[in-house]
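Provided below are the primary sequence and the corresponding predicted coordinates.
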Number of protein chains: 2
Amino acid sequence: MNATKPVSLNLNVRGLEQSATLAIKATCRRLREEGRTVYDFGLGQSPFPVPVRVVEALRLAAMEKDYLPVKGLPALREAVAEFHRAKDQVEAHPDRVIVGPGSKELMFLLQLVFYGEILVATPCWVSYQPQARIIGRTVKLVPTDFARQWKITPQQLHQTIETTRDDYRPRLVVLNYPANPSGMSYSADELKEIAEVARRYQCLVLSDEIYGQLHHTGEHVSIGRFYPEGTIISSGLSKWCGAGGWRLGTFVLPPDLEWLLDAMAAVASESYTSVSTPIQYAAVRAFRGGVIMERYLWHVRRILSTLARQCTHLLKQAGIRVHPPTGAIYLFLDFSPFADALSERGINNGTALCDRLLAETGVAILPGVAFARPARELTARLSYIDFDGARALAASENIPLDQELTEDFASQWCGHVLEGVRRIAAWIGGSAG
Amino acid sequence: MNATKPVSLNLNVRGLEQSATLAIKATCRRLREEGRTVYDFGLGQSPFPVPVRVVEALRLAAMEKDYLPVKGLPALREAVAEFHRAKDQVEAHPDRVIVGPGSKELMFLLQLVFYGEILVATPCWVSYQPQARIIGRTVKLVPTDFARQWKITPQQLHQTIETTRDDYRPRLVVLNYPANPSGMSYSADELKEIAEVARRYQCLVLSDEIYGQLHHTGEHVSIGRFYPEGTIISSGLSKWCGAGGWRLGTFVLPPDLEWLLDAMAAVASESYTSVSTPIQYAAVRAFRGGVIMERYLWHVRRILSTLARQCTHLLKQAGIRVHPPTGAIYLFLDFSPFADALSERGINNGTALCDRLLAETGVAILPGVAFARPARELTARLSYIDFDGARALAASENIPLDQELTEDFASQWCGHVLEGVRRIAAWIGGSAG
């Protein structure tokens, strides 16, 4: 008898590969083991350590082992609600908070339980579309462009909805700002206008604000202020608290969406059950914030914005199109001015560009196609995070917060990132020349 | 404008409620807050603390914050493979281990990616069937009975498969032993025969051995020994390590099922990403085991078996049908001898029985219908776990392991459980009288 089991897989998952951001991490690890110098600008992980107070809170909670309520530890849901009330000036009630093992998992649950169309502006985060595919939903992609800072406009949203000729079709509009992969964000005025369109068609808005506290000037505004009745705010510990590996994300829902919250909680109770108990206790400390957390965040923002400014400068100087970012930890590069020169080197799409760049310089960036851009497009995401965040943070703490950090600071503490960026510039210069 | 969003839910999740075991926990909490004395025999949580060494390991790993590989920390996957090689005498390779946020989540992923029929003997764990419903699969339930100790026989499995007249239909047979909710387990001979049937029809076997280390005499045998090419062994920290709230489960797959493992990992990378990093580091210590872990397990087993014996005795004396358990933390009670008397009190099904029992005595048990038994059946699961496991463990440590624990020990350290069981006996005695 042949012991090999015949393959019998759900068609939705056949050919599905691991998330591109996680795959690039594995590739970089392999290259490093081979002794190569790697500039790992692929994964979107905060380079900063989890704040000491939050680590302490985890140590104190290490013996906690009870199953917690599906929606989360009551004290944590209270802290999350208060966090959004204080930071975003939105009504947020603990009863309408749900805590999950990462906001990615909560988005997966949301897509699973909500029966409707999903609208996403591209470039977008790597997982929205694969999640929809696994569940068997279709996603309507709304392409943006460099000129509009990779942001969806109210007119575009309006037009996209109008083309379907189904005004009250259930729709979920996904917004992500500060954005992965572009680093761009929306102003209050832009959000107000988008809110008006969403209200007119009764769209739900999933407002992915995981980088909200990494707005480089601390001026993040949530669309929840302008569209409270239809906005789900997504956040978590991964980015602003440096705790990506801890796996804790949060959703806050408006009062009228309790049917959606209950359905998510029901599926959660049949899948992950609840988020790891010690992690939830520690997260209370993070969400409660306070002066020490705020100081941490200001240092983090100052380092990221200084580094981003220098990276942007070097890339623009080399002729690569890129916007100075508003927040987050990414730059979205457009190599289209080099299309002809790259083509002569046999590079005709973003994937080939990234593969060759990695092979020839050791710099790992992810092609636009991973962010739902057309495969042929010569775009890529650069995460400027390959430096020792703990050392940079300690160095920044010696410099009063009312001062700007110098170029020297970035060279000294984030030199590996700048070196990688210079390698991109030199490599593309070879194309241009 | 009406701000209420129209409900638009996936039909598979409409009407889905939170898992029955989690719901009963909330009910008990509410009753306690009202000042009632509650005997919480509903939830299936280990009463014992996480072993001190494992808690220490979590403290040491509290600052770990990187995303880990989707399938898990390599050192943990090595420890899990070694655990199964040593405990179960099966070939288990780290490359074929996947770690998830609870084995429940891994089962959810398995059901999502595997396209085939699922066969489950009832009574069964509460979540197999709701998971299938969420995903849109059908589950074929195979009813067992008291006389056969609530276990599926090889003949039954054979007949169930034969009735479909589709020999090589992709099938997943779920076995769970020591069993939730019955406390029964399979002998090596029984497993051998089941393995033969599974092999004949190339069924996959999901062997849910989460209670394996809670076999009361430490004599757990895995079907993986007899059907290595088709068995997925499921385990985790929740039960034998007392760390249910930590959320860490494990699967070990055979070599020929790498297509299934890869599909699970791909979906994991688009949903929960990876298990919480500090928890994974701590779990290495748990799975590596050693003398201290073994001693903990022997004390736990001795306490559970002593208590189970006394509970069984009291319940049988009252006329309730119940088998002395082989492992785990449950008794599955059959009140059918009292059907007429209960009917006179207006109780005609298991749910009514449990509701009335809770209202009239404060004892919370879960009706058979939660475990996929017929709604009218007068069965229920009792978790004999409502005692202070830390105190009981400390007391047991004063008594050499080669001695049996006395009735006095159980009365002294698990008295609340025995009192609740006596209340059931008195309550049903009222029916009989």
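Arrived safely, thanks for sending.

Buried ones in stretch A:68-87, by neighbour count?
Neighbour-count burial for stretch A:68-87 flags A:68-73, A:76-81, A:83-84, A:87 (criterion: 16 or more other C-beta atoms under 10 Å in any protein chain shown). No exception for glycine: its C-beta is placed from N, CA and C like everyone else's.

and the stretch 151-300 of chain A, which residues reach chain B?
A:168, A:170, A:199, A:202, A:204, A:229-230, A:242-248, A:256-257, A:259-260, A:263, A:265-267, A:269-279, A:282 (C-beta under 8 Å from any C-beta of the partner chain).

re earlier: could you identify the most distant pair in the buried residues of stretch A:68-87?
A:70 and A:87 (25.3 Å; C-beta to C-beta).

Can you give me the distance of the residue nearest to residue A:97 when sequence neighbours are not counted to residue A:96?
Among residues not flanking residue A:97 along the chain, residue A:77 sits closest, at 4.1 Å (C-beta to C-beta, 6 or more residues apart in numbering or on different chains). Noted for residue A:77: a distance of 9 Å to residue A:96, by C-beta to C-beta, to the nearest Å.

Quick one: buried ones out of the residues of the stretch 151-300 of chain A next to chain B?
For those, buried by 16+ other C-beta under 10 Å: A:170, A:199, A:202, A:204, A:229-230, A:242-248, A:256-257, A:259-260, A:263, A:265-267, A:269-279, A:282.

and residue A:400, how many residues sit next to it?
6 (other C-beta atoms under 10 Å in any protein chain shown).

which residues touch it?
By C-beta atoms under 8 Å, 6 or more residues apart in numbering or on different chains, residue A:400 lies in contact with nothing.

Check residue A:279 too.
By C-beta under 8 Å, 6+ apart, the contact list for residue A:279 reads A:58, A:246, A:247, A:248, B:276, B:278, B:279.

give me the element it is part of.
In this assignment (DSSP states H and E), residue A:279 forms part of helix A:277-288.

Skipping its backbone neighbours, what lies nearest residue A:363 in space?
residue A:39 (4.3 Å).

how far away is that neighbour from chain B?
According to C-beta to the nearest C-beta, to the nearest Å, residue A:39 and chain B sit 17 Å apart.

surely that residue meets residue A:418?
No: judged on C-beta atoms under 8 Å, residue A:39 makes no contact with residue A:418 at a distance of 10.0 Å.

which of these two has more neighbours?
Taking neighbours as other C-beta under 10 Å, residue A:39 and residue A:418 compare with residue A:39 leading, 25 against 19.

list the contacts for that one?
Listed by C-beta under 8 Å, 6+ apart, the contact set of residue A:39 reads A:361, A:362, A:363, A:364, A:386, A:416, A:417, A:419, A:420, A:423.

And for residue A:391?
So residue A:391 contacts residue A:413 (C-beta under 8 Å, 6+ apart).

what mean pLDDT would you report for the host helix or strand of it?
Assigned by DSSP H and E, residue A:391 falls within helix A:389-396. Throughout helix A:389-396, pLDDT has a mean value of 97.

Could you check it and say which residues are buried?
Neighbour-count burial for helix A:389-396, with 16+ other C-beta under 10 Å as criterion, is recorded at A:389, A:392, A:393, A:395, A:396.

residue contacts, the last one?
Translated: residue A:396. Counted by C-beta under 8 Å, 6+ apart, residue A:396 has contacts A:299, A:302, A:303, A:405, A:409, A:413.

cool, and the second one?
Contact partners of residue A:392, counting by C-beta under 8 Å, 6+ apart, are A:47, A:48, A:303, A:413, A:414.

Which parts of the stretch 1-150 of chain A are strands?
Assigned by DSSP state E, counting those that start in this stretch, the stretch 1-150 of chain A shows strands spanning A:39-40, A:97-100, A:117-122, A:139-143.

sorry, back to before: just give me how far the helix holding residue A:279 sits from the chain centre.
Here helix A:277-288 is found 21 Å from its chain centre; the criterion is C-alpha atoms, centre = their mean, to the nearest Å.

The next helix or strand after it packs against which elements?
Later in the chain than helix A:277-288, the nearest helix or strand by DSSP H and E is helix A:291-317. Helix A:291-317 sits against strand A:330-334, helix A:389-396, helix A:407-413, helix A:415-432, with contacts defined as 3 or more C-beta pairs under 8 Å, 6 or more residues apart in numbering or on different chains; DSSP states H and E.

Alright, I will stop here.
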